[in-house]
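*Asks:* any chance you can model this:
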Amino acid sequence: MRFTIVYRGRIPSVGTAEQISKIRKDVYLQAQLAALSRVTSQKLDAKNRQILGDTCYRAILPISWVCAIEVILLRATPATQIGGLPDIDNTLKTLFDALCAPSGPSHPQGSDFSQELHVLAIEDKQLSSITVSADHHWGGSSDGDMTVIRVTTQETDIDDSVALGGQSFASIRRNVF
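*Replies:* Numbers count the residues shown, from 1 in each chain. Here you go, the predicted structure:
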């Protein structure tokens, strides 16, 4: 399965918990992930959600699936200045934190929650291959930044304990891609 999601806005290079939550809660991003969850919902079970506090995080990818991601950062850059843009590696860390559920012990099945958010994956370990490029479009403000995320994934016969149990993803990728 292949799909593309888009985030509009600047991703900070060192994302605080508040900034990561803001990206995760972005209405446009949530609408895209909710639509995609209808496609993968037949494959999902209780392992594909995590309840932290009053929020339920629902992953659109089953936990045993791994995926390759291509990220294209389109940065709105004033014509006079390229310096001062965030580092790509730190920006990616913030992006991946926002696309995945936050870490922490999940509440038991059946726990009440008041808010539901869709995420790409429960664990960032499911992101097995990453390709990144950055480009500039001139004259805009940082609100004009756009991040295009192309995801390629497929179902595997690998069980959950292998997918997240510490085995090298190089081994898993040989089985998947």
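*Asks:* mind listing what the residue nearest the centre of the chain touches?
*Replies:* Nearest to the geometric centre of the chain sits Leu99, at 2.2 Å (C-alpha atoms, centre = their mean). For Leu99, the contacting residues are Arg24, Val119, Leu120, Ala121, Asp124, Leu127, Ile149, by C-beta atoms under 8 Å, 6 or more residues apart in numbering. C-beta here means a position set from N, CA and C on the backbone, and glycine is covered the same way.
*Asks:* identify the farthest-apart pair in the residues you listed.
*Replies:* The distance between the two most remote of those (C-beta to C-beta) is 15.4 Å, for Arg24 and Leu127.
*Asks:* quick revisit: out of the contacts of Leu99, which is nearest to His137?
*Replies:* Ile149 (17.6 Å).
*Asks:* quick one: the helices in this protein?
*Replies:* In the chain, the helices defined using DSSP state H lie at 17-24, 27-40, 88-99, 160-164, 169-176.
*Asks:* now, of those, which is deepest in the fold?
*Replies:* Compared across the helices of the chain, helix 88-99 shows the largest average neighbour count, a mean of 19 (mean count of other C-beta atoms under 10 Å).
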